[in-house]
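> with the input below, show me the fold.
(one chain, ligands or ions: 2)
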Amino acid sequence: MLLGVIADDMTGATDVALMLNRAGMRTIQVIGAPSTGASSAGASLPDADAVVVALKSRTNPVAEAVADSLSACEALLAAGAKQILFKYCSTFDSTAQGNIGPVADALMQRLGTGMAIICPAFPANGRSIYQGYLFVGAVPLHESSMKDHPLTPMRDSNLMRLMGAQTKAPVGHVGYATVLAGAEAVKARFAALAGEGARYVVTDALTNDDLMVLGKAVAGHVLLTGGSGIAMGLPQNFREAGLLRQRAAPVSLSAPKGRAGIISGSCSTATRGQIKAAVAAGYPALKVDPLALAAGTQSAAQLAAWALAQPQDKPFLLYSSDDPAEVAAIQDKLGRDKAGETVEHAFAETARLLADGGVSKLLVAGGETSGAVVQGLGIGTLEIGPEIDPGVPWTRVVAGPDLVIALKSGNFGTPDFFLKAWALLD
Ligand SMILES: Nc1ncnc2c1ncn2[C@@H]1O[C@H](COP(=O)(O)OP(=O)(O)OP(=O)(O)O)[C@@H](O)[C@H]1O
Ligand SMILES: O=C(O)[C@@H](O)C(=O)CO
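Ligands and ions are numbered 1, 2, ... in the order given. Next up is the predicted model:
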């Protein structure tokens, strides 16, 4: 293994795995922190150029997030990783308590390094950094829909301040003019900032070319932190060092015979648009009611039975997705956590019943929903397939039931995502 990645959520993990796979690294995603009890922790990881460990550490208690990230790091190092990337969200999802700062601090200490880059930029999905401010499309992060995120509301866009609130370590900045001047200029700026005592460095990046420059500049860094964009330039470093052969990214994936379906617990604007398009295209669709689930008048068994009874010419769609006012009303009645858990639990159980019933091609929308479904299906390892849209690949289950599955971040994908994804399957 060349590169080890620790991702703080499930869909973020497939996002970065896709980025590496596209750039020519054979990448495997494993679910959960591998056990480090045994001295041979790395032996439990699959053989690949890059391994992405998908954690659920974005919003859990800080101590747990740190412990899981360190376990993952240990296993990746034991398997031979030469560089570690801590992957968080391209919208820097976190609070003043963490978990980005504390996890990065712990990894920095474990890896014995004095500096790490901070780069959530992902231009293909509209995330760019200028003067250290993170933008989502045309607006600064704190003006985007992330300002109202239920768990990690982002009310500032300045990455130096956001990171500064989560760590005691000084945070510096590499401006855009330096990035435009190339990798050597960036390296010189890193050295100057290190001399001034900086331990984290926010880097401006507006385009994929900028990410390639930054990727080159961090070739010698043992720890990187960022979104999937910063992974773009890393395979080339390994190739130039003679450690990686040229390899074409997959353009399709052969899927096992069986039914196709969609499960969506994501309530994002993007997902709701994608559901609208699927319903308009005549996909059989059933809206799941969290209140009925909580009251026991709707159940996973009923959802699965409905889905398996639908004609097979179009994928079925099970969705709890709703607009913010409806979600707020349900949260008022059930409590926010109970509402989320009720839906996630139902979808996890439904997915298990669907796989038992012959479903072999599944699209899942939403990070938390994906985590629950992957757990419900007992998936241990995923191999990365072709890109459906930036940040969202098809994957094949390697350890677990025989199926192909795509895990879509709430905010990702074009409006016809649920319609076009199937064309990439053989
Ligand atoms: N109708 C609903 N009312 C209340 N909560 C809901 C409803 N539908 C889904 N949920 C819950 O809302 C949460 C949605 O989070 P999820 O991470 O799956 O989607 P997302 O936030 O759009 O995606 P991402 O994290 O990838 O951006 C889940 O906990 C889900 O169970
Ligand atoms: O970086 C992103 O935006 C995504 O990979 C993600 O982490 C969504 O949860």
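> check the gap between A188 and G233 for me.
18 Å (CB to CB, to the nearest Å). C-beta coordinates here come from the backbone N, C-alpha and C atoms, glycine included.
> give me the more crowded residue out of those two.
Each of A188 and G233 had its neighbours counted (other CB atoms under 10 Å), and the higher figure belongs to G233 (22 against 13).
> where does the nearest residue to the more buried one once chain neighbours are set aside land in three-state SS?
Take G233 and drop its neighbours on the chain: the residue closest to it by CB to CB, 6 or more residues apart in numbering is G215, 1.6 Å away. Here G215 takes the helix state, with states given by DSSP: H, G, I helix; E, B strand; the rest coil.
> contacts only, for G215.
When contacts are counted by CB atoms under 8 Å, 6 or more residues apart in numbering, G215 touches I230, A231, M232, G233, L234, Q236, N237.
> so N99 sits right up against R58, yeah?
Yes. With contacts counted by CB atoms under 8 Å, N99 reaches R58, the gap being 6.5 Å.
> what residues does the stretch 1-150 of the chain have near ligand 2?
For the stretch 1-150 of the chain, the contact set with ligand 2 under CB under 6 Å from any ligand atom comprises D9, T11, G12, D15, C89, S90, T91, F122.
> ligand 1 next: which of these are close?
Restricting those to those within reach of ligand 1 (CB under 6 Å from any ligand atom) leaves T11.
> for this structure, which residues are neighbours of ligand 1?
For the chain, the residues in contact with ligand 1 (CB under 6 Å from any ligand atom) are 11, 265-268, 271, 290, 320-322, 327, 330-331, 339-340, 343-344, 366-369, 409-411.
> just the ones of these in helices?
When DSSP state H defines the helices, the subset of the residues of the chain next to ligand 1 inside them is 11, 271, 290, 327, 330-331, 339-340, 343-344, 367-369.
> excluding chain neighbours, what is closest to the residue of the stretch 151-300 of the chain at minimum distance from ligand 2?
Of all residues in the stretch 151-300 of the chain, G227 sits closest to ligand 2, with a separation of 4.4 Å (CB to the nearest ligand atom). If you skip the residues right next to it in sequence, G227 has S90 as its closest partner in space, 3.7 Å away by CB to CB, 6+ apart.
> the one you found: what secondary structure?
Each residue gets one of three states, and S90 gets coil by three-state DSSP.
> wait, isn't G385 in contact with W394?
Yes. Because the distance of 4.0 Å satisfies CB under 8 Å, G385 is recorded as touching W394.
> who has more neighbours, the two?
Here G385 and W394 are compared on neighbour count by other CB under 10 Å; more neighbours surround W394, at 27 against 24.
> tell me which element the more buried one is part of?
Taking DSSP states H and E as the criterion, W394 maps to strand 392-399.
> ok, residues contacting whichever strand or helix holds E74?
Secondary structure assigned from DSSP H and E places E74 in helix 62-78. Under the criterion CB under 8 Å, 6+ apart, residues 1, 4-6, 8, 33-36, 40-45, 51, 53, 55-58, 84, 86, 97-99, 102-103, 106-107, 110-111 lie in contact with helix 62-78.
> just the ones of the residues you listed in helices?
Where those overlap with helices, as defined by DSSP H, the overlap consists of P102, V103, A106, L107, R110, L111.
> report how many residues lie close to the fifth one.
Right, R110. As a burial measure, the neighbour count of R110 was computed by other CB under 10 Å and equals 15.
> quick check: the nearest residue to Y200 once chain neighbours are set aside vs I117, distance?
Closest residue to Y200 in three dimensions, ignoring its sequence neighbours and counting by CB to CB, 6+ apart: V171, at 4.5 Å. With the distance defined as CB to CB, V171 ends up 11 Å from I117.
> now do the shared contacts for these two.
With the criterion set as CB under 8 Å, 6+ apart, the overlap between the contacts of V171 and I117 is Y200, V201.
> so where's this protein shaky on pLDDT?
Residues of the chain meeting the criterion pLDDT under 70: 35-43.
> can you name the residue of it nearest to ligand 2?
Checked against ligand 2 (CB to the nearest ligand atom), the nearest residue in the chain is G12, 2.8 Å away.
> next one: the closest residue to S360 other than its chain neighbours from Y176, what distance?
Once flanking residues are discounted, S360 sits nearest to G258: 2.9 Å by CB to CB, 6+ apart. With distances defined as CB to CB, the gap from G258 to Y176 amounts to 49 Å.
> ditto for G413
The value you get for G413 to Y176, if CB to CB is used, is 29 Å.
> who has more neighbours out of the two?
Remark: of G413 and Y176, G413 carries more neighbours, 26 against 17, as counted by other CB under 10 Å.
> which residue packs closest to the more buried one, ignoring adjacent ones?
Skipping the residues right next to it in sequence, G413 comes nearest to D389 by CB to CB, 6+ apart, at 4.6 Å.
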